[in-house]
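Trainee: dropping the sequence and predicted coords here.
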Amino acid sequence: KAGLLALLNLYVDQPDAVTIYEFDAPAHFFQVEIVQTQRDPTLLARMDRCVRAIIEAGGIASFRHADVSIEDDVAALVSDTVEEYGRLDWAHNNAAAGSAPAPITAQQRARWDRVLAVTLTGTMLCLKHELLQLQRQGTGGAIVNTASVSGLIGQAHQSAYVAAKWGVIGLTKTAALENA
């Protein structure tokens, strides 16, 4: 029986950014938390379909609406996950907000702030609350933060996104040192 793997961005500018990939493997225990910051009806409908597809394939899935740039939302997300499933064993922080390509001289401050709030601060807030939960449990776990190639190289006309992704790499290295 094939399983389903949901890969998604926690913050997406386009409903089409959420994709379900099929893979040929037994669907033993598959749990997915789907999070996004917008209340776009089209995206919410896709989230519902994604959750139903995972459940129909024999997995376990749920949807939570959260803005990863708001600490109370993130704390509630982790708390709700533990309340529903009993514990937290792993997390994948994939939050990212992009912006229209523009040179630094044309960068809009509000868009810069939002990209960093979601992409970098959101990753930090998720990491903070996930690490606190893993520490309370005392059994370890795994956290993956996605930086993309933009965290390794410069990209013209993507200053906010590149700066945030470089920050995610530094944040991840720091968290690893603090929690080894």
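Mentor: Sure, I can see it.
Trainee: which residue packs closest to the residue most central in space within the chain, ignoring adjacent ones?
Mentor: With distances taken as Cα atoms, centre = their mean, Asn94 lies nearest the centre of the chain, 3.2 Å away. Counting by Cβ to Cβ, 6 or more residues apart in numbering, Thr146 is the residue found nearest to Asn94 once chain neighbours are left out, at 4.5 Å. Backbone N, C-alpha and C define where each C-beta goes, glycine included.
Trainee: give me the pLDDT value at Gln36.
Mentor: Here, the pLDDT recorded for Gln36 equals 55.
Trainee: list the buried ones in stretch 149-165?
Mentor: Under the neighbour-count criterion of 16 or more other Cβ atoms under 10 Å, stretch 149-165 has Ser150, Gly151, Gln158, Ser159, Ala160, Tyr161, Val162, Ala163, Ala164, Lys165 buried.
Trainee: what's the separation between the residue of the chain most remote from its centre and Ser159?
Mentor: Residue farthest from the centre of the chain, counting by Cα atoms, centre = their mean, is Thr105 at 29.5 Å. For Thr105, the distance to Ser159 equals 10 Å [Cβ to Cβ, to the nearest Å].
Trainee: cool, and Thr123?
Mentor: Taking Cβ to Cβ, one finds Thr123 at 18 Å from Ser159.
Trainee: which intervals of this structure have sub-threshold pLDDT?
Mentor: 1-40 (pLDDT under 70).
Trainee: show me where it has helices.
Mentor: 41-56, 71-85, 109-116, 122-137, 159-178 (DSSP state H).
Trainee: quick one, which of those helices gets closest to Ser99.
Mentor: helix 109-116 (4.7 Å; Cβ to Cβ).
Trainee: buried stuff in that closest one?
Mentor: Trp112, Arg114, Val115, Leu116.
Trainee: elements contacting it?
Mentor: helix 159-178 (3 or more Cβ pairs under 8 Å, 6 or more residues apart in numbering; DSSP states H and E).
Trainee: which strands and helices sit next to the helix it packs on?
Mentor: So helix 159-178, by 3+ Cβ pairs under 8 Å, 6+ apart, packs with helix 109-116, helix 122-137, strand 142-145.
Trainee: without its sequence neighbours, what residue ends up closest to Ile54?
Mentor: In this structure, Ile54 finds its nearest non-sequential neighbour in Ala61, 3.8 Å apart by Cβ to Cβ, 6+ apart.
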